[in-house]
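1. Make a model of this:
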Amino acid sequence: MRARFFALTAVTLFLDLATKVWALRTLEGGPILHGRLNFVLAHNPHGAMGFLRQLPTDARRALLVATGLAASVVIVLMARRASPIARAGLGLILGGALGNLIDRALRGSVVDFIDVIYAPGRHWHTFNVADIAVVAGAALIVLGTRAVDREQARA
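-> Down below sits the predicted model:
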């Protein structure tokens with residue numbers, strides 16, 4: 001259990017940090033535009049989608065780092081009792097959370113760089129690989145929970 005969980009966490013964290021280094025080095029000179037999928041360097045000092053924007057910078061940073069650390073502990077504890085699918089989801093979430101936590105602790109903001117245009121003139125919030133991992137992990141947890149529920153219903 002632990003080896004696969006922590007390996008998935010480590011791979012997710014590595015991919016997130018590596019792509020952020022790429023974005024910092026490559027996108028400082030300007031965005032790479034491809035139409036609906038663009039790469040644009042952005043620094044998000046707030047929480048997800050501007051959450052906690054109203055707090056002073058130091059208070060927001062401390063609160064988000066402390067919350068990230070606490071969530072990481074809870075995720076590791078949850079993984080011990082999770083189904084294999086849910087455990088994989090938790091590994092993705094932990095890797096993504098740690099990637100954004102490291103950004104926030106070192107830079108005071110999270111590096112975002114993926115920009116999706118979903119309709120003419122409409123952009124989704126700029127995001128990064130950590131965000132993708134968190135969403136994919138949440139989806140796996142839902143799938144894992146539904147699979148367990150179906151098995152229990154059959155018993």
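2. other SSEs contacting the helix or strand containing residue 75?
-> Using DSSP states H and E, residue 75 maps to helix 57-79. Judged by 3 or more C-beta pairs under 8 Å, 6 or more residues apart in numbering; DSSP states H and E, helix 57-79 is in contact with helix 84-107. Glycine gets a C-beta too; all of them are placed from N, C-alpha and C.
3. Can you name the residues in contact with the helix or strand just after the helix it packs on?
-> Later in the chain than helix 84-107, the nearest helix or strand by DSSP H and E is strand 110-119. Residues outside strand 110-119 that contact it (C-beta atoms under 8 Å, 6 or more residues apart in numbering) are 19-20, 23-24, 27, 31, 35-45, 100, 103-104, 123-132.
4. hmm, back to that, buried residues, the helix holding residue 75. List them.
-> The neighbour-count check on helix 57-79 (16 or more other C-beta atoms under 10 Å) flags 60-61, 64, 68, 72, 75-76, 79 as buried.
5. can I get these in TSV with distance to residue 116 and pLDDT?
-> As requested, the buried residues of helix 57-79 are exported to TSV (distance: C-beta to C-beta, whole Å; pLDDT from 0 to 100):
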residue	distance to residue 116	pLDDT
60	26	75
61	27	78
64	24	80
68	25	87
72	28	94
75	27	96
76	31	94
79	30	93
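6. Narrow the contacts of strand 110-119 to those in strands?
-> 37-44, 123 (DSSP state E).
7. how about those, which pair is most distant?
-> Maximum pairwise distance among those (C-beta to C-beta): 20.1 Å, between 37 and 43.
8. who has more neighbours, those two?
-> Between residue 37 and residue 43, residue 43 has the larger neighbour count (other C-beta atoms under 10 Å), namely 14 against 11.
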